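>>> No sequence on hand, only this structure:
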């Protein structure tokens, strides 16, 4: 029975490769609190949905005695599967095999699955856990990285690309995640940097731990390189699965629609926002008061918290939210928050996700450091992203909308499709205090009691200009609505703009202020 | 920008719901009650650069020093050599002046922004 023997032979071969880097290496992986590459894929995908390819790929390196070394699967696992029934392409670097180092065939496996994802127009999920370039393979290893980066760029905006950092990801390797849409990190496991602590110490004399240099927290709170922070790998996989429910397979489709559900009654929209524009509140509660099941899935929760971005559903359909957050830094726009919002707006635009903007900001953050960091060009990114976006764009002005901030936050002038305003909104060229001080300067200075005059003039200005009706009279605001009507008007606006079609002048691409 | 500690008269902190503490942030003429981010609190205050002090513009190793304290140097004269990124960078005197103090010695590995040489203020 030769075929039976052949099948046995295959089984044996498979078993051998499935051992990865062997027992010792696997033990070490587990002792670091990490799952193995194959466990990770199986945990992430639907039960029994994983189909692996290139199991028997072998490296071709000959120098430095590499020809005597067997590296199972060349340190990476690739395949296809489903997440909640939706198809995905995955790769996972296997740290137990030569430290997950990237050689030519390792890279070829990754680019193979990337090409497949693009061809099939399905999302790509990459799990990174690698010591970096396989030095023994020299320039072939660099070529491998380059081929991956090129495909990341090619795929960008066509299929969703998700990077999961579950181990070291250092040197050139960091640029693949940086080119993808969403980066997931796990506390104490993820490490990302261009140059590690060792090099920094020898070359620069600065001492820093790996965690402080490029740990999960650093990239979630300080750099903004990561989008989702988890305490454990399992939590991380849950986050990825949840994200997948909000996004479409590709740029020609819409995200899956769910059964519409009402927000929880505990979020009372009338009671969240204080009337005094100087008082803070958590804008996420306003979002929760309008989205289905009050389920708001925040992106980059820990970075640039003065702006809030994320996904929710309205009437079963995915919506991207961009909201000023008065709770932090009074909700100002600054360098980081501009970058955060602009990129998210472009993401939503690329993947047919309507954008709802909730406005309540005093303007841009003043300061030498901001100006010198280039807040002009970073701030311009928001204007660019909103102006360029052609998905349905809906704005709700909750409270303050002053000056440049008013324009930037998806105003009518940047082609918002619908602009709604709550009755307490203050839409003006600047805050009443500042405006009154300038306009009535002479009267205030020459008054017998300047402070009294100032207060009177501020009050006057407030009554006349700090309201939504001046903008509504010009048609810049389409409707002034009661807060409790917000969900209803959003549902209507999204439904009515379902078949929105606009097109700009023909061009290769614009020159955004990168 | 003025940054004052919160002087809320109501006993309830309006940011307190999230275990955060309210501060005051002034934007233009108006003071807002809000939480100040870590990054904002840790931001470096800008200072007018002191042209009498020469800082390293790149991290590296001092491999040669030419001057010493109280020595008069001419504009363009080499003060020291800072090796960084495999380049020997000549640090030149930016003007005619007198060295007050040299804060580094040969062999020192220094980070970016380290004070290397201070000139006496011109008379």
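Happy to help now that I have it. Fair warning: this is a prediction, and the values are worked out from it, not measured in the lab.
>>> and the closest residue to residue A:168 other than its chain neighbours, how far is that from residue A:182?
With CB to CB, 6 or more residues apart in numbering or on different chains as the criterion, residue A:168 has its nearest non-adjacent residue at 4.9 Å, and that residue is residue A:191. Backbone N, C-alpha and C define where each C-beta goes, glycine included. Taking CB to CB, to the nearest Å as the measure, residue A:191 falls 18 Å from residue A:182.
>>> dump the residue contacts of residue A:88.
A:45, A:80, A:81, A:82, A:117, A:122, A:123, A:124, A:125, A:244 (CB atoms under 8 Å, 6 or more residues apart in numbering or on different chains).
>>> Can you tell me which of the residues you listed are buried?
Among the contacts of residue A:88, those classed as buried by 16 or more other CB atoms under 10 Å in any protein chain shown are A:45, A:80, A:81, A:82, A:117, A:122, A:123, A:124, A:125, A:244.
>>> phi, psi of the third one?
This means residue A:81. Residue A:81 adopts backbone torsions of phi -170, psi -160, taken as degrees, to the nearest 10.
>>> and the residue lying closest to residue A:18 once chain neighbours are set aside, what helix or strand is that in?
Residue nearest to residue A:18 in three dimensions, not counting chain neighbours: residue A:38, with 7.1 Å by CB to CB, 6+ apart. Counting by DSSP states H and E, the element that carries residue A:38 is helix A:37-44.
>>> and the chain, what are its domains?
No chain specified, so I'll use chain A. Here the domain parsing of chain A from automatic domain parsing is A:22-246, A:269-430+A:466-496, A:432-465.
>>> oops, I was thinking of chain B
According to automatic domain parsing, the ranges for chain B are B:1-46, B:53-119.
>>> Just confirm yes or no for the longest one near chain A.
Yes. Taking CB under 8 Å from any CB of the partner chain as the criterion, domain B:53-119 and chain A are in contact, through B:59, B:60, B:109, B:110, B:111, B:112.
>>> hang on, the earlier thing: if we take the contacts of residue A:88, which one ends up nearest to residue A:275?
Taking CB to CB as the measure, residue A:275 sits nearest to residue A:244 out of the contacts of residue A:88, at 40.2 Å.
>>> so the closest one touches residue A:124, yeah?
No. Contact criterion CB atoms under 8 Å: residue A:244 and residue A:124 do not qualify, at 11.7 Å.
>>> if I look at residue A:151, how far off is chain B?
Distance, residue A:151 to chain B, by CB to the nearest CB, to the nearest Å: 31 Å.
>>> Apart from its chain neighbours, what residue comes closest to that residue?
Nearest to residue A:151 is residue A:114, by CB to CB, 6+ apart, at 4.4 Å.
>>> Hmm, residue A:76 and the one you found touching each other?
No. With contact defined as CB under 8 Å, residue A:114 does not reach residue A:76; the gap is 12.0 Å.
>>> of those two, who's got more company?
A side-by-side neighbour count of residue A:114 and residue A:76, using other CB atoms under 10 Å in any protein chain shown, places residue A:76 first with 29 against 25.
>>> so what's the more buried one bridging to?
Judged by DSSP bridges, the bridge partners of residue A:76 are residue A:93.
>>> OK, contacts around it?
Contacts for residue A:76 (CB under 8 Å, 6+ apart) come out as A:37, A:91, A:92, A:93, A:94, A:100, A:102, A:106, A:109, A:110.
>>> okay, now the fourth one: neighbour count?
Put plainly, it is residue A:93. 28.
>>> how near is it to residue A:176?
Applying CB to CB, the value for residue A:93 to residue A:176 is 11 Å.
>>> cool, the second one as well?
Here the criterion is CB to CB. By it, residue A:91 lies 10 Å from residue A:176.
>>> higher neighbour count, these two?
Counted by other CB under 10 Å, residue A:91 and residue A:176 do not tie: residue A:91 has more neighbours, with 26 against 21.
>>> Apart from its neighbours in sequence, what residue is nearest the more buried one?
Sequence neighbours aside, residue A:78 is the residue nearest to residue A:91 in space, at 4.5 Å (criterion: CB to CB, 6+ apart).
>>> you'd agree the one you found is up against residue A:53?
Yes. Counting by CB under 8 Å, residue A:78 does reach residue A:53; the two are 5.5 Å apart.
>>> Now for these two: what residues contact both?
Shared contacts of residue A:78 and residue A:53, defined by CB under 8 Å, 6+ apart, comprise A:109, A:112, A:113.
>>> quick one: buried residues of the helix holding residue A:38?
Buried residues in helix A:37-44, counted by 16+ other CB under 10 Å: A:37, A:38, A:40, A:41, A:42, A:44.
>>> how about JSON lines for the buried ones among the contacts of residue A:88, with pLDDT, distance to chain B and secondary structure added?
Shown next, in JSON lines, are the buried ones among the contacts of residue A:88 (pLDDT from 0 to 100; distance: CB to the nearest CB, whole Å; DSSP: H, G, I helix; E, B strand; the rest coil):
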{"residue": "A:45", "pLDDT": "98", "distance to chain B": "36", "secondary structure": "coil"}
{"residue": "A:80", "pLDDT": "98", "distance to chain B": "41", "secondary structure": "strand"}
{"residue": "A:81", "pLDDT": "98", "distance to chain B": "38", "secondary structure": "strand"}
{"residue": "A:82", "pLDDT": "98", "distance to chain B": "37", "secondary structure": "strand"}
{"residue": "A:117", "pLDDT": "98", "distance to chain B": "36", "secondary structure": "helix"}
{"residue": "A:122", "pLDDT": "98", "distance to chain B": "37", "secondary structure": "coil"}
{"residue": "A:123", "pLDDT": "98", "distance to chain B": "32", "secondary structure": "coil"}
{"residue": "A:124", "pLDDT": "98", "distance to chain B": "32", "secondary structure": "strand"}
{"residue": "A:125", "pLDDT": "98", "distance to chain B": "30", "secondary structure": "strand"}
{"residue": "A:244", "pLDDT": "98", "distance to chain B": "29", "secondary structure": "helix"}
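>>> Can I get those in CSV including distance to residue A:134?
Output for these, formatted as CSV (distance: CB to CB, whole Å):
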residue, distance to residue A:134
A:45, 27
A:80, 26
A:81, 27
A:82, 32
A:117, 24
A:122, 29
A:123, 28
A:124, 22
A:125, 23
A:244, 31
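>>> With respect to residue A:142, which of the residues you listed is nearest?
Within the buried ones among the contacts of residue A:88, the smallest distance to residue A:142 is 21.8 Å, found for residue A:124 (CB to CB).
>>> Can you give me the distance of the closest residue to the closest one other than its chain neighbours to residue A:249?
Once flanking residues are discounted, residue A:124 sits nearest to residue A:117: 4.1 Å by CB to CB, 6+ apart. Remark: distance between residue A:117 and residue A:249 (CB to CB) = 10 Å.
>>> shared neighbours of these two, anything?
Taking CB under 8 Å, 6+ apart as the criterion, residue A:117 and residue A:249 both touch A:123, A:159.
>>> Find residues that contact each of residue A:93 and residue A:176.
Common contacts of residue A:93 and residue A:176 (CB under 8 Å, 6+ apart): residue A:128.
>>> So the residue nearest to residue A:124 is in contact with residue A:91, correct?
No. The pair residue A:117 and residue A:91 does not pass the contact test of CB under 8 Å, sitting 9.7 Å apart.
>>> State whether residue B:77 and residue B:92 are indeed in contact, as I suppose.
Yes. Contact criterion CB under 8 Å: residue B:77 and residue B:92 qualify, at 6.6 Å.
>>> What ranges does chain B have for its strands?
Ranges of strands in chain B, per DSSP state E, are B:23-27, B:30-34, B:53-55, B:60-65, B:72-73, B:78-84, B:87-92, B:97-102, B:109-110, B:115-119.
>>> tell me which residues in the last one are buried?
In terms of neighbour count (16+ other CB under 10 Å), strand B:115-119 has its buried residues at B:116, B:117, B:118, B:119.
>>> what's the spacing between the first one and residue B:62?
Computed with CB to CB, the distance linking residue B:116 and residue B:62 is 8 Å.
>>> Quickly list what's touching both of these two.
Joint contacts of residue B:116 and residue B:62 (CB under 8 Å, 6+ apart) are B:80, B:82, B:104, B:110.
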